[in-house]
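Student: give me the fold of what follows.
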Amino acid sequence: MAQNADQRVALFSKTCLPRLVERYHPTRVLLFGSRARGTALTRESDLDLLIVSDAFAGMPFLLRAGEVLWTLQAPFPVEVLCYTPEEYSRKKEELGIVRVATEEGLDLLPPVLTS
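Tutor: Numbering: from 1, shown residues only. Take a look at the predicted model:
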């Protein structure tokens, strides 16, 4: 997990991230934006997340964020972008928010242990 001293990020990682992992089995959960950079202007600044999961296949793009936010039940504002691995692979090469999130993002998923 990336190091980040932000208390909101720590709370999200402890309380919401496990629900996200259990429900969607994401391959990436990237924190990006002001909280990732450590430049959030207020305590109320939202968390910006990019989530990559096979679970989004076949789900209309516009419904994904609502489903994820319902699962998270975060006690503070969260904005999510939800992509399948194929969509993410394509979008991260294009100019836009997915590329920025990939370049500046902090991976919130714990590293996978291999033996």
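
Student: which residues touch E86?
Tutor: Neighbour list for E86: empty [criterion: CB atoms under 8 Å, 6 or more residues apart in numbering]. (C-beta placed from N, C-alpha, C; glycine too.)

Student: give me the contact list for stretch 72-79.
Tutor: 8, 11-12, 15-16, 19-20, 44-49, 65, 69.

Student: in this protein, which spans are strands?
Tutor: In the chain, the strands defined using DSSP state E lie at 28-32, 47-52, 78-83, 106-107.

Student: got those strands as TSV, with mean pLDDT and distance to G38 columns?
Tutor: TSV is the format used below for those (pLDDT from 0 to 100; distance: least, CB to CB, whole Å):
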stretch	mean pLDDT	distance to G38
strand 28-32	97	11
strand 47-52	98	13
strand 78-83	98	18
strand 106-107	95	10
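
Student: hey, which of the ones you listed is tucked in deepest?
Tutor: A comparison of these by mean neighbour count, using mean count of other CB atoms under 10 Å, puts strand 47-52 on top with a mean of 25.

Student: quickly run through the sheet partners of it, with directions.
Tutor: strand 28-32 (antiparallel), strand 78-83 (parallel) (DSSP bridges).
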